[in-house]
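K.L.:
quick one, fold the following:
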Amino acid sequence: FLPPNICAQTANSSPAPSRSPDSGLSALSGIPQGSIDSDATALELKLQQSIPEQNPIVFYGSSSIRLWKSLPEDFADYKVLNCGFGGSRLTDCIKYARQIVFPTRPSGVIIYAGDNDLAAGTPPEKAFQSFQKLFGILRSYSSSIPMAFVSVKPSPARLCYLDNILRFNQMVKAYLEGQPDSEYIDVCSEMLGPDRKPITSLFSGDRIHLSPAGYSIMRKEIGEFLQEEFPKQKHKTTVAR
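P.N.:
Numbers count the residues shown, from 1 in each chain. Predicted structure coming up:
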């Protein structure tokens, strides 16, 4: 795997990335734990104050979920609930899963996380261990509800971690192939061009988060999963964020 100093050297030798919408820090330097905890707590309180529609399909994870403003329209035939909180790592998702996800009584869970772990220099093997722990916690809520993991995207600003991203994605894919009622949703492959580098038009100005074109790939791939697992669900969506 690539150690953090290689990424730091890459960042120092190229133009500074735009600032992340999740914080006032550099998009490559991460977000203070206090900000992550604050965002998670705010989400938890919001859910407590406004009880969502019964048994939603929960989208859980980091800012690629939180910033998905068109989520209700993109999946208008389903009861979906946005439970993303900015800057979160898999370890943060583990920390808050019982407080945020369980009370919603989900009928399904779609996870996007790991992006920030790998960008912080976490080896893919260690990030995978965190994923297994998160998966186990969510499975402890229900052994049978459909669950899916959306592959970590290949952000241009994090190109130096691409090998780690691909390794992590492959480990999660192989693991979920052996798990019932679970699926790996690959968006990473579609976000790479023929040169195996990220397609820049799929990402926003900060080179980390998705553009509308990037979200269209998410919508297509996740939509196929929802059509297969929830063919009869035709309900108004719910938004928490």
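K.L.:
the most centrally placed residue in the chain - nearest residue in space that isn't next to it in sequence?
P.N.:
Nearest to the geometric centre of the chain sits residue 112, at 1.9 Å (C-alpha atoms, centre = their mean). Spatially, and ignoring its direct neighbours in sequence, residue 112 is nearest to residue 61 (3.9 Å; C-beta to C-beta, 6 or more residues apart in numbering). In this view, the C-beta of every residue, glycine as well, is placed from N, C-alpha and C.
K.L.:
for that neighbour, what are phi and psi?
P.N.:
phi 150, psi -150 (degrees, to the nearest 10).
K.L.:
same check, this time on residue 185
P.N.:
phi -110, psi 110.
K.L.:
quick check, it in contact with residue 222.
P.N.:
Yes: assessed by C-beta atoms under 8 Å, residue 185 is found in contact with residue 222 at 6.0 Å.
K.L.:
before we move on, back to that, report pLDDT for the residue nearest to the centre of the chain.
P.N.:
Looking at residue 112, its pLDDT is 98.
K.L.:
ok, it - contacts?
P.N.:
Contacts for residue 112 were tallied using C-beta atoms under 8 Å, 6 or more residues apart in numbering; they are 59-62, 64-65, 84, 149-150.
K.L.:
out of those residues, list just those in strands.
P.N.:
Using DSSP state E, the subset of those located in strands is 59-61, 84, 149-150.
K.L.:
closest to residue 72 out of these?
P.N.:
Relative to residue 72, the closest of the ones in strands among the contacts of residue 112 is residue 59; by C-beta to C-beta it sits at 10.7 Å.
K.L.:
how near is the closest one to residue 196?
P.N.:
As for residue 59, its distance to residue 196 is 28 Å (criterion: C-beta to C-beta, to the nearest Å).
K.L.:
these two: who's more crowded?
P.N.:
Each of residue 59 and residue 196 has its neighbours counted (other C-beta atoms under 10 Å); residue 59 has more, 28 against 10.
K.L.:
so where do the strands sit in the protein?
P.N.:
57-61, 80-84, 108-112, 147-150, 182-185.
K.L.:
now tabulate these in TSV and tack on distance to residue 216.
P.N.:
Shown next, in TSV, are the strands of the chain (distance: least, C-beta to C-beta, whole Å):
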stretch	distance to residue 216
strand 57-61	16
strand 80-84	16
strand 108-112	15
strand 147-150	14
strand 182-185	14
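K.L.:
distance to residue 180 and pLDDT added to the contacts of residue 112, as a markdown table?
P.N.:
Output for the contacts of residue 112, formatted as a markdown table (distance: C-beta to C-beta, whole Å; pLDDT from 0 to 100):
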| residue | distance to residue 180 | pLDDT |
| --- | --- | --- |
| 59 | 21 | 97 |
| 60 | 19 | 96 |
| 61 | 22 | 95 |
| 62 | 26 | 93 |
| 64 | 26 | 95 |
| 65 | 24 | 95 |
| 84 | 26 | 92 |
| 149 | 14 | 98 |
| 150 | 19 | 98 |
